[in-house]
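# just a sequence and a predicted model for now, questions to come.
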Protein chains: 2
Amino acid sequence: MIKIAIDVMGGDFGSKPIIEGTIKALKEREFKAILVGKTENIKPLIPSRYLKHIDFVESSDVLQMSDSATDAFKRKNTSIYKAVDLVRQKEADAVVSVGHSGATMSLATLKIGRLQGVLRPAIATLMPRPSGGPVLVLDVGANVDCKAEHLVQFAIMGEAYARDVLGVQNPKVGLLSNGEEKSKGNEITKNTYEQLKNLDCFYGSIEGNDIFSEVVNVVVCDGFVGNILLKTSEGVAESITKIIKNSIGKSPLAIAGALLMRRVFKSLKKQVDYAEYGGAPLLGIKGCAIIGHGKSNSKAVKNAIFQAIVFSNSNINEDIKTGLSKLEI
Amino acid sequence: MIKIAIDVMGGDFGSKPIIEGTIKALKEREFKAILVGKTENIKPLIPSRYLKHIDFVESSDVLQMSDSATDAFKRKNTSIYKAVDLVRQKEADAVVSVGHSGATMSLATLKIGRLQGVLRPAIATLMPRPSGGPVLVLDVGANVDCKAEHLVQFAIMGEAYARDVLGVQNPKVGLLSNGEEKSKGNEITKNTYEQLKNLDCFYGSIEGNDIFSEVVNVVVCDGFVGNILLKTSEGVAESITKIIKNSIGKSPLAIAGALLMRRVFKSLKKQVDYAEYGGAPLLGIKGCAIIGHGKSNSKAVKNAIFQAIVFSNSNINEDIKTGLSKLEI
């Protein structure tokens, strides 16, 4: 049975949504949850019928968002350190954390270790689209200064995740650039293009707006660009909401309209709700780490756990190794 | 009187919106329009009372979007070549083009020439925000591979444009990065930060979502990132519209709501309509070049002309030179 180590202490909203999410997940799937945190606080919150599916690992320390990634390695009694260590010791198949994402990434990379051939693990995230299912974007933060060889590996890892975990048949990978033509791009993307062009899964270069069309399933960029595109997308979505709300405020007719539109907005919200997707997988490590948003609610935690289960049951890590070894030939 | 050379041939929709935009501009402001194109086709479209404000320069060739920037230099009879050349010869103060933007940029940079001290001219564009007026983003396409010294100059040029042309008092400049902390960023933005940190106008690093808040008036990034953020923003806005429309299709109640919401969407559209802003100025040349969208309607052309007038009446180019010379001390 798949065993998932869950850091119960790290979220912005305390342990409650994490425990609730775990219970929701246990209601729907069979797995062993290993809850890492202050056991005496956690245990009373769990209905007794779920206890047989849960192990507890005591941790007295919590890494705060203000702590550095260096602190993460020194303080060996934090919940995130212990949760990652369970995967290292093969006592868990996967770790799920909604805490300090930089620390989770560094700990998972260095304690669990990289898969053979992987130069740099990458964080992948799903972005919503109007149709065709969400699109996987990587890297979104782990690697700020990248070389072409890193981006090439991201393409292989992203393709494997889309196929093995998301269940996309023949996923297509696009290289994010400032134009679709081969001649466009900066020095690094041009080099990457040359190395990717013969791969079956490679679609070619795409532009920012193509992320949301259905031309590709996976978008490759460096972590600097990935972070900016995620944050910019959030900013645009918030701006549009604000502009609509400001206009509504001004017109009684529009207020009536907005009431009627409520269902539409509800559907919009559901479609762009990150909680539907769970968390962001760290790809390229000898195991599975799912990094959730600090503000994850119980639904997001549940979905992050489901993601960890599908990941752990899949062949993704073997496929990444095979994909990378083919590159080197 | 300010003289504006206008390339009448280059737009996606032919000469009509360009001529109409010019006439709209002449109705509201006093300037001399120099229309460059096939005079025999253009002249009959102009009401005779405007003819005294217009000069005609004959050009028999049109640069197509499929032509390269190299073609732009070889074919000296194209409307864009001739329009730029009028500024070089000081027969016009500014050039406005909605044609081949790469060619306009290259021609303007090399024929008109860079301002003293400018390493690379940059294309700046205005992005809409829910409040606080639009934000100026540069570079958005001209310079794909940048060094810190280029980004530093973009900050100086963007600040001057915000102050002198947009009329913002004490504009604040943000450096686009993957985090607000000084420690964040890639190698280039970290170096840029060090060089900008003592400037009064420098706000610090900002993230993608901060573009749409009111913390800064100017956002600096390289042309690769700038292009991706513009295109991604377009993609998000289109996706949200699509999702709303798809949901509306499904519910009769929502259709009624949408009818009532029409005013709200109209206001949204107006607020995010690029035509309100005109075009994108090329900053750092000895003159003024405004590059409009190929799909510009007459309103966008009118506003691009107004932009060229305000630019030409301002002290921006002197201020850029002064700003850059202070940097070198």
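That came through, no problem. Numbering: from 1, shown residues only, chains lettered A, B, ... in the order given.
# which other helices and strands does the helix or strand harbouring A:K299 contact?
Under DSSP states H and E, the secondary-structure element containing A:K299 is helix A:298-313. Using 3 or more Cβ pairs under 8 Å, 6 or more residues apart in numbering or on different chains; DSSP states H and E, the elements in contact with helix A:298-313 are strand A:3-7, helix A:16-28, strand A:94-97, strand A:288-291. Every residue, glycine included, has its C-beta placed from N, CA and C.
# relative to chain B, which of the ones you listed is closest?
Chain B lies closest, by Cβ to the nearest Cβ, to one member of the helices and strands packed on helix A:298-313: strand A:288-291, at 15.6 Å.
# okay, now the sheet partners of that closest one, with direction.
Applying DSSP bridges, strand A:288-291 is found paired with strand A:94-97 (parallel), strand A:280-283 (antiparallel).
# next secondary structure element downstream of the top helix by length along chain A?
With secondary structure taken from DSSP state H, chain A has its longest helix at helix A:223-250. Next in sequence after helix A:223-250, counting helices and strands by DSSP H and E, comes helix A:252-260.
# pull the CA atoms of that following helix into PDB?
Below are the C-alpha coordinates for helix A:252-260, written out as PDB (Å, rounded to 0.1, in the frame of the first residue of the first chain):
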ATOM      1  CA  PRO A 252     -27.900  49.000 -10.200                       C
ATOM      2  CA  LEU A 253     -28.700  47.200 -13.500                       C
ATOM      3  CA  ALA A 254     -25.300  45.500 -13.400                       C
ATOM      4  CA  ILE A 255     -25.800  44.400  -9.800                       C
ATOM      5  CA  ALA A 256     -29.000  42.600 -10.900                       C
ATOM      6  CA  GLY A 257     -27.000  41.100 -13.800                       C
ATOM      7  CA  ALA A 258     -24.200  40.000 -11.400                       C
ATOM      8  CA  LEU A 259     -26.700  38.100  -9.200                       C
ATOM      9  CA  LEU A 260     -27.900  36.300 -12.200                       C
END
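# can you give me the offset of it from its chain's centre?
Distance, stretch centre to chain centre, for helix A:252-260: 37 Å (Cα atoms, centre = their mean, to the nearest Å).
# stretch A:173-190 too?
A distance of 24 Å separates the centroid of the chain from that of stretch A:173-190, by Cα atoms, centre = their mean.
# pull out the buried positions in that stretch.
A:173-179, A:184-186, A:188-190 (16 or more other Cβ atoms under 10 Å in any protein chain shown).
# one more: stretch A:132-145?
A:134-144.
# what subset of the residues you listed is also close to chain B?
Contacts with chain B within the buried residues of stretch A:132-145, counted by Cβ under 8 Å from any Cβ of the partner chain: A:141, A:144.
# and which of the buried residues of stretch A:132-145 is nearest chain B?
Once Cβ to the nearest Cβ is applied, the member of the buried residues of stretch A:132-145 that ends up nearest chain B is A:V144, at 4.7 Å.
# need the helices for the stretch 51-200 of chain A, in chain order.
According to DSSP state H, counting those that start in this stretch, the stretch 51-200 of chain A carries its helices in the segments A:69-74, A:79-88, A:101-107, A:148-164, A:187-196.
# can you count the residues close to the closest residue to A:S97 other than its chain neighbours?
Once flanking residues are discounted, A:S97 sits nearest to A:D7: 4.1 Å by Cβ to Cβ, 6 or more residues apart in numbering or on different chains. A:D7 has 29 neighbours, counted by other Cβ atoms under 10 Å in any protein chain shown.
# next one: A:K197
What A:K197 shows, counting by other Cβ under 10 Å, is a neighbour count of 11.
# against chain B, how distant is it?
Distance check for A:K197 against chain B: by Cβ to the nearest Cβ, to the nearest Å, it reads 19 Å.
# hmm, back to that, from the chain's centroid, how far away is the helix holding A:K299?
10 Å.
# list the beta-bridge partners for the residue most central in space within chain A.
Nearest residue to the geometric centre of chain A (Cα atoms, centre = their mean): A:A280, 0.6 Å. Counting by DSSP bridges, A:A280 is bridged to A:I291.
# isn't A:N209 up against B:A237?
No - in this structure A:N209 lies outside contact range of B:A237 using Cβ atoms under 8 Å: 9.3 Å.
# return the most buried member of the helices and strands packed on helix A:298-313.
For these, ranked by mean neighbour count under the definition mean count of other Cβ atoms under 10 Å in any protein chain shown, the leader is strand A:94-97 at a mean of 31.
# any idea of the mean pLDDT in that one?
Mean pLDDT, computed over strand A:94-97, is 97.
# got a list of contacts for that strand?
A:2-7, A:10, A:80, A:83-84, A:86-87, A:104, A:108, A:279, A:287-292, A:301, A:304-305, A:308-309, A:311-312 (Cβ atoms under 8 Å, 6 or more residues apart in numbering or on different chains).
# again, 7 Å this time
Residues external to strand A:94-97 that are found in contact with it (Cβ atoms under 7 Å, 6 or more residues apart in numbering or on different chains): A:4-7, A:10, A:80, A:83-84, A:86-87, A:104, A:108, A:279, A:287-292, A:304-305, A:308, A:311-312.
# that older thread, ok, which of the buried residues of stretch A:173-190 also contact chain B?
The subset of those within reach of chain B, by Cβ under 7 Å from any Cβ of the partner chain, is A:176, A:178, A:186.
# what about the residues you listed, which are in strands?
Here DSSP state E is the test, and those give A:L176 as lying in strands.
# for A:R114, list the residues it contacts.
Contacts of A:R114 (Cβ under 7 Å, 6+ apart): A:121, A:284-285.
# so which of the residues you listed is the most crowded?
A:G284 (30 neighbours).
# now that residue: how far from chain B?
19 Å.
# from memory that residue sits against A:M157, does it?
Yes - in terms of Cβ atoms under 7 Å, A:G284 counts as a neighbour of A:M157; the distance is 5.6 Å.
# residues that sit against both of those two, list them.
A:122, A:320.
# quick check: domain ranges of chain A?
As given by automatic domain parsing, the domain ranges for chain A are A:1-118+A:284-329, A:122-275.
# same list (those) but as CSV, adding distance to B:E20.
Shown next, in CSV, are these (distance: least, Cβ to Cβ, whole Å):
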stretch, distance to B:E20
domain A:1-118+A:284-329, 49
domain A:122-275, 28
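# between those domains, which gets nearest to B:G226?
Shortest distance between B:G226 and those, using Cβ to Cβ, is found for domain A:122-275: 8.2 Å.
# first-to-last residue distance for that closest one?
End-to-end distance of domain A:122-275 (Cα to Cα, to the nearest Å): 21 Å.
# no further queries at this time; thank you.
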